[in-house]
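Quick one, structure for this:
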Amino acid sequence: MTQDSRLKTLNSYDLLYQVALPLIPRVGGGNARTLVQALGSPEKVFGASLESLSKVHRIGEVFAKSILSHKSAALKQAEQIILRAEKEDVQLLYYTNPAYPGRLRDVPDAPLLLYYKGNADLNAQKVISIVGTRKSTDYGQKVTEQLVSDLVKHEALVVSGLAYGIDIIAHRAALKEGLPTVGVMANSLETIYPFAHTQDAKKMLEQGGLLSEFPFGTKPDAPRFPSRNRIIAGMADCTIVVESTESGGSLISADIAHSYDREVMAVPGPITSETSEGTNQLIKSLKAVPYTKFKDLEELLNWDKALAGPSVPKALPKRDFSGFPEDEQKILKLLQHAGPTHIDVLSRNTDFSMGQLSSVLFTLEMSGQIKAMPGKLYGLL
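Numbering: from 1, shown residues only. A predicted model of the protein is given here:
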């Protein structure tokens, strides 16, 4: 069977190029999106000349030559990935795919392509990442299990990294409570790491899923774990660190979430405990809000109001925003229609970058048109 006939029975050529682009060395999510935005599509990247590639911002001639020298091998590998993905029921989620996690899409270094197997909605209304030390204590286990139990009434998606300690405790608690849970992996989906969690992973495929940015055949390797952590942080409304040593890997997830301007919480612990050094430091450095009870999370994310029951919203008088600049009008009209709105929702509905959006919101707030509210909500004054 020729390549043409195989791909016609499976997917469009668009997917072939979407899968192939991140397979080229050094073409990560940021560079890939720069190339696509400059040239129009992944297919056009592969068809571009040395001159066209070299002119793209941050690419240059050396990188352009590397792209041209690797493109044939990348396309061949992509074809095999597409065939295997269909056989093994793995979804290939390009970043424009509606099933791609929208919260993650908004971050600057989001993966261009994700490999996903499972049935959980990666765009669930409420998503919480729970991370922590591999050296978890009874205290950490108790806190994690209670946290997950409290998430049931919100039907939240629980995200973690399938690792020993707090991660697997969170996954198992979600399975027990009937919540969907997704494990983000630092290797490809066909290999469960650590192997001891294979049975848990199988259960998660029925009640959640497994997610990775790495193509088939990728083994677990230390440098890939920080990369994995940015997905855990980027997918969630809030990242909660339950326990961490002073230099624990979960602190990377917290730092990344903080850099994304996402909410971060940390569970305080005894000052005599090694596994509380990291969480206590996060709180001390103001990178995380203390998590002492579930109401802390509800108030931070305004979930408590969501559970307060239906109410009749106060009707806002129609206002004329025609005198405002166009970018400010977009925000004002959206808030007029929707009421108090989370900054991530504003970003998705205006197509502003987070930097541009923050600038416009600041201008409107200083001019007395809008107000900032808890949980990163904004509303009209």
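
Helices along the stretch 151-300 of the chain, start to end?
Counting by DSSP state H, counting those that start in this stretch, the stretch 151-300 of the chain has helices at residues 166-177, 198-206, 224-235, 250-259, 277-284, 294-300.

Now do the buried residues in the fourth one.
What that stands for is helix 250-259. The neighbour-count check on helix 250-259 (16 or more other C-beta atoms under 10 Å) flags 250-258 as buried. Yep, even glycine has a C-beta here, placed from its N, CA and C like the rest.

quick one on the thing from earlier: could I get the helices of the stretch 151-300 of the chain as TSV with distance to Gln356?
Listed next are these as TSV, based on distance: least, C-beta to C-beta, whole Å:
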stretch	distance to Gln356
helix 166-177	35
helix 198-206	38
helix 224-235	19
helix 250-259	17
helix 277-284	29
helix 294-300	25
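
Tell me which of those helices lies nearest to Ala372.
helix 294-300 (13.9 Å; C-beta to C-beta).

that older thread, put together TSV for the helices of the stretch 151-300 of the chain, with mean pLDDT and distance to Gln125 on each row.
Shown next, in TSV, are the helices of the stretch 151-300 of the chain (pLDDT from 0 to 100; distance: least, C-beta to C-beta, whole Å):
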stretch	mean pLDDT	distance to Gln125
helix 166-177	98	16
helix 198-206	97	20
helix 224-235	93	13
helix 250-259	93	19
helix 277-284	96	26
helix 294-300	95	14
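
partners of Val264 in the sheet?
Thr239 (DSSP bridges).

in stretch 175-190, what's buried?
Neighbour-count burial for stretch 175-190 flags 175, 179-189 (criterion: 16+ other C-beta under 10 Å).

Straight-line length of it, end to end?
End-to-end distance for stretch 175-190: 21 Å, by C-alpha to C-alpha, to the nearest Å.

what about the strands in this protein?
91-94, 113-118, 127-131, 157-160, 181-184, 208-212, 238-241, 263-266, 289-290, 341-342, 370-373, 377-380 (DSSP state E).

any idea which of the ones you listed scores lowest on pLDDT?
Mean pLDDT values for the strands of the chain show the minimum at strand 341-342, a mean of 80.

What is the distance between it and the centre of its chain?
Remark: strand 341-342 is offset 18 Å from the chain centroid, using C-alpha atoms, centre = their mean, to the nearest Å.

Listing partners with orientation, what would you give for it?
In its sheet, and by DSSP bridges, strand 341-342 pairs with strand 377-380 (antiparallel).

Run through who's touching the strand it pairs with.
Taking contacts as C-beta atoms under 8 Å, 6 or more residues apart in numbering, the residues outside strand 377-380 that touch it are 302, 316, 319, 331-332, 335-336, 339-343, 346, 361, 365, 369-373.

how does it look with 7 Å?
302, 316, 335-336, 339-343, 346, 361, 369-373 (C-beta atoms under 7 Å, 6 or more residues apart in numbering).

Of the residues you listed, grab the buried ones for ChimeraX.
The ChimeraX command for the buried members of the contacts of strand 377-380 (criterion: 16+ other C-beta under 10 Å) is given here:
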select :335,340,341,342,343,346,361,369,370
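
Now the two most distant members of the contacts of strand 377-380.
Across the contacts of strand 377-380 (C-beta to C-beta), the longest gap, 20.9 Å, separates Asn302 and Gln369.

thinking again about what came up before, tell me which of the helices of the stretch 151-300 of the chain sits nearest to Lys126.
Nearest to Lys126 among the helices of the stretch 151-300 of the chain is helix 294-300 (10.2 Å), distances taken as C-beta to C-beta.

Put the alpha carbons of the closest one into CSV.
C-alpha atoms of helix 294-300 as CSV (Å, rounded to 0.1, in the frame of the first residue of the first chain):
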residue,chain,number,x,y,z
PHE,A,294,-11.0,23.0,51.2
LYS,A,295,-12.8,26.4,51.5
ASP,A,296,-9.5,28.0,50.9
LEU,A,297,-9.5,26.6,47.3
GLU,A,298,-13.2,27.4,46.8
GLU,A,299,-12.7,31.0,47.8
LEU,A,300,-9.5,31.4,45.7
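
Select, out of the helices of the stretch 151-300 of the chain, the one closest to Asn123.
Of all the helices of the stretch 151-300 of the chain, helix 224-235 sits nearest to Asn123, with 9.4 Å by C-beta to C-beta.

counting contacts, what elements does the closest one pack onto?
helix 102-105, strand 127-131, strand 157-160, strand 181-184, helix 250-259 (3 or more C-beta pairs under 7 Å, 6 or more residues apart in numbering; DSSP states H and E).

among the ones you listed, which is nearest Ile231?
Per C-beta to C-beta, nearest to Ile231 of the helices and strands packed on helix 224-235: strand 181-184, 4.9 Å.

on contacts alone, who are the packing partners of the closest one?
If you count contacts as 3+ C-beta pairs under 7 Å, 6+ apart, strand 181-184 packs onto strand 157-160, helix 166-177, helix 198-206, strand 208-212, helix 224-235.

neighbouring contacts of it?
By C-beta under 7 Å, 6+ apart, strand 181-184 touches 118, 120, 157-162, 171, 174-175, 201, 204, 207-211, 228, 231-232.

buried ones in the lengthiest helix in the chain?
Ranked by residue count, the top helix of the chain under DSSP state H comes out as helix 60-87. Across helix 60-87, burial judged by 16+ other C-beta under 10 Å covers 63-64, 66-67, 70-71, 74-75, 77-79, 81-82, 85.
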